[in-house]
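*Asks:* Fold the following.
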Amino acid sequence: MTTSRLTRFVDLPGGIDIRTALVRAQANAEAYRGSALELIDQAIEALIVAGEDVDAATAARLAETIRSLAGMFELATLEQSAASLCDMVRALVERGAWDSRAVWVNIRALKIIRQHGDSENLQEVLEGLRRLGARAAAGRQT
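*Replies:* Model (predicted):
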């Protein structure tokens, strides 16, 4: 059986164990939490400023930024809300029927969720966003 390069490095004397490596990686990531939250806030603000006139490319790019950063720092509710916006934008573009009101509702929800943190009380909001996205993607009146 051949050994992988990683296996060979793990077995080297003087190396660090996996747990130590994970703890260090987590600590390094935490050093960027403040910067990441600022980037999330800037992306949400850019969406708010664009308002109902936001174009699909901008909405998708900013929502993906929010989703990625929120996921990295385990902000589950914010990540799910941004993912809903990503899915909605993709579906509306594929359908060829932009629904600015539905997108705007999702953008406003992002701001509310960011202001209130990762609360279980917001699960109903997330479920509403999923339903809104499904209706918009199916072309039903929102």
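*Asks:* which sections of the protein are below the confidence cut-off?
*Replies:* Low-confidence segments of the chain (pLDDT under 70): 1-13, 15, 118-120, 140-142.
*Asks:* quick one: contacts for the residue positioned nearest the centre of it?
*Replies:* Closest residue to the average C-alpha location of the chain: R67 at 1.0 Å, with Cα atoms, centre = their mean. The neighbours of R67, taking Cβ atoms under 8 Å, 6 or more residues apart in numbering as the test, are E79, A82, A83, C86. For every residue, glycine as well, the C-beta is placed using N, CA and C.
*Asks:* Counting neighbours, what do you get for the nearest residue to M88 once chain neighbours are set aside?
*Replies:* The shortest distance from M88 to any non-neighbouring residue, by Cβ to Cβ, 6 or more residues apart in numbering, is to G133 (4.1 Å). As a burial measure, G133 scores 26 neighbours (other Cβ atoms under 10 Å).
*Asks:* And what about G133, helix, strand or coil?
*Replies:* helix (DSSP: H, G, I helix; E, B strand; the rest coil).
*Asks:* isn't it right next to C86, touching?
*Replies:* No. Using Cβ atoms under 8 Å, G133 is not in contact with C86; the gap is 9.5 Å.
*Asks:* ok, the residue nearest to the centre of the chain to G34 distance?
*Replies:* From R67 across to G34, the span is 19 Å (Cβ to Cβ, to the nearest Å).
*Asks:* if I look at the residue nearest to the centre of the chain, how far off is G96?
*Replies:* According to Cβ to Cβ, R67 stands 24 Å off from G96.
*Asks:* ok, now L69?
*Replies:* L69 is 30 Å from G96, where distance means Cβ to Cβ.
*Asks:* Tell me which of these two has more neighbours.
*Replies:* Taking other Cβ under 10 Å, L69 and G96 do not tie; L69 has more neighbours (22 against 7).
*Asks:* got the buried residues for the helix or strand harbouring the more buried one?
*Replies:* Per DSSP states H and E, L69 falls inside helix 56-72. Residues of helix 56-72 classed as buried by neighbour count (16 or more other Cβ atoms under 10 Å): A59, A60, L62, A63, E64, T65, I66, R67, S68, L69, A70.
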